[in-house]
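1. turn this into a model:
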Amino acid sequence: MTGKERMDAAMRLREPDRVPLMCQLALGHYFLNTDLDEIEIWHSTEVFGDALITLQRRYGFDGILINLPGRDPNWRSYIARIEEKDGERVIRWINGWYTVAPPDDNPHVYREDGRRYFPAFVQVDPVRLFYMEPHDLSGITYPYSWGFSGGPAPKGKDFFPPWHFDLIRYVLARVGNEVSVHGEIFSPFTQFMEMLGAANGLLALVDDPGKSKACLEALSEGAIVLGRGQAAAGAHAILISSAFASAGFISRRHYTEFVLPYEHRVIRGIKEHYDLPIYTHTCGAIGDRLDLMMETGTNGIDTLDPPPLGTVDLAGAKRLLAGRCFIKGNMDPVNVLLQGTPETVYEDARRRIAVAGPGGGYILSSACSVSPHAPPANILKLREAAEDFGWYPLA
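-> Alright, predicted model coming up:
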């Protein structure tokens, strides 16, 4: 089987030829482990596409998660100058804003006053919301606008500029016949938290739950349009990033109120037009809400952080989810992949395959993103373990 076929079988709850392997890498890992410039990786469709393919091939992954949008091909024309300060590069944009680009972490955009921008909840009109993309060149804006080239984006089918889907097309054209290529959209709840900042977002749920729900409704519409656009561009699967929905942020009751119905709506809205796997990335303590996550209609659950990072016991998750959702993850990205040795990584991967692999529906992966500083020698051991222990029928 190709990696694409292997991943598709696992995501559709069938047994492939062997357990597939696919990790999400932190952006800083691309910065540190390719010969490509970090500013170019973050800001250029083609350069990030090359970085994705380079490390997929190096580590033997069966899939690629495209976790940035395509970029405005004219992005360089908005740069006034690039400086270096305290070991970090600073991009000065022609409108007076600036981006700080660390060598090992995501860049962040600052306004002229030196602050990152988040609108106050009282300023936000749900009618003016559609989608919030925190990884655009200009960061969070309200009303939402793309980059530095114009006014607010129109709500509806023309909200996302054509180049937004170029990265999916770029990667598909080069490796799409062999590798499973996945798009990423932010859940309505994640968009809400990214727009306001986590602390203010959580306060808004308490201060005005009605307005919060109206915002989530509006942000669901944009997520549906984006998901359909990624599917139309050819993505083989779509990940819904729902990073703020664990027990570390909200209770089960609030999950059912502010997360579940909106993710369900997004998944249903995409699947009305496209038959492709859609799965959910929620990191942290989710052991108490796996049943609720399945009610969204998701095809799979990603991360499944084990203790001490999270609360998921893999054997228990396999019993609960088998035949209902595929499982991706559960390898500790900190204590094993970052701080462990090649030998401990290999043994940990062997155990994960033995527990979750039988019957299919399992993808070997780090729980959350692989750290920027995780040793490449450790990550290479994942493919070795999959080749040594992951072939079906499993013993």
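
2. where does D288 land in three-state SS?
-> coil (DSSP: H, G, I helix; E, B strand; the rest coil).

3. correct me, but it touches S251?
-> No - shown here, D288 and S251 do not form a contact pair, counting by CB atoms under 8 Å, at 9.1 Å. (Glycine included, C-beta is placed from N, CA and C.)

4. who has more neighbours, these two?
-> Higher neighbour count among D288 and S251: D288, with 14 against 11, using other CB atoms under 10 Å.

5. show me the contacts for R174.
-> Taking CB atoms under 8 Å, 6 or more residues apart in numbering, we find R174 in contact with G49, I53.

6. ok, now how distant is it from Y59?
-> For R174, the distance to Y59 equals 17 Å [CB to CB, to the nearest Å].

7. can you give me the helices for this structure?
-> Counting by DSSP state H, the chain has helices at residues 3-11, 27-33, 38-43, 45-59, 166-175, 188-196, 198-207, 209-233, 252-258, 260-271, 290-295, 314-321, 342-356, 376-389.

8. most tightly surrounded among those?
-> Highest mean neighbour count of the helices of the chain: helix 188-196, a mean of 26 (counted as mean count of other CB atoms under 10 Å).

9. Y362 contacts A10, doesn't it?
-> Yes - assessed by CB under 8 Å, Y362 is found in contact with A10 at 6.5 Å.

10. what do the two both touch?
-> In contact with both Y362 and A10: V19, F326, using CB under 8 Å, 6+ apart.

11. N67: neighbouring residues, count only.
-> Burial of N67, expressed as a neighbour count using other CB under 10 Å, amounts to 20.

12. what about it, distance to I238?
-> N67 is 12 Å from I238, by CB to CB.

13. need the residues touching each of these two.
-> E184.

14. mind listing what G297 touches?
-> Contacts for G297 (CB under 8 Å, 6+ apart) come out as H264, I267, R268, K271, I278.

15. quick one, what contacts G323?
-> Residues near G323 by CB under 8 Å, 6+ apart: L13, G359, G361.

16. need these in JSON lines (columns: distance to C23, pLDDT and neighbour count).
-> Formatted as JSON lines, the contacts of G323 follow (distance: CB to CB, whole Å; pLDDT from 0 to 100; neighbours: other CB atoms under 10 Å):
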{"residue": "L13", "distance to C23": "21", "pLDDT": "98", "neighbour count": "19"}
{"residue": "G359", "distance to C23": "22", "pLDDT": "96", "neighbour count": "15"}
{"residue": "G361", "distance to C23": "18", "pLDDT": "98", "neighbour count": "27"}
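
17. of all those, which comes closest to L309?
-> Nearest to L309 among those: G361, at 22.6 Å, using CB to CB.

18. show the end-to-end separation of stretch 308-315, please.
-> In stretch 308-315, first residue to last residue: 16 Å (CA to CA, to the nearest Å).

19. could I get the average pLDDT for it?
-> Averaging pLDDT along stretch 308-315 yields 97.

20. what residues does it touch?
-> With CB under 8 Å, 6+ apart, stretch 308-315 has contacts from 246-247, 283-288, 290, 303-306, 327, 330, 332-335, 352, 355-356, 367-368.

21. try stretch 333-344
-> 308-309, 331, 345, 348, 366-371, 373-375, 377-381.

22. buried ones in it, by neighbour count?
-> Buried residues in stretch 333-344, counted by 16 or more other CB atoms under 10 Å: P333, V334, V336, L337, L338, G340.

23. give me the pLDDT for the second one.
-> Same thing as V334. On the pLDDT scale, V334 is placed at 98.

24. against I250, how distant is it?
-> 23 Å.

25. check G323 too.
-> G323 sits 28 Å away from I250, going by CB to CB.

26. check G234 too.
-> In terms of CB to CB, G234 sits 34 Å off from I250.

27. please apply the same query to R351.
-> 31 Å.

28. next one: E112
-> 34 Å.

29. ok, those two, which is more surrounded?
-> Taking neighbours as other CB under 10 Å, E112 and I250 compare with I250 leading, 19 against 9.

30. surely that one is in contact with F258?
-> Yes - I250 lies in contact with F258 (CB under 8 Å); the separation is 6.9 Å.

31. rewinding a little: what sits in contact with each of D288 and S251?
-> Listed as contacting both D288 and S251 by CB under 8 Å, 6+ apart is no residue at all.

32. got a pLDDT number for the nearest residue to R265 once chain neighbours are set aside?
-> The shortest distance from R265 to any non-neighbouring residue, by CB to CB, 6 or more residues apart in numbering, is to S220 (4.9 Å). S220 is assigned 98 on the pLDDT scale.
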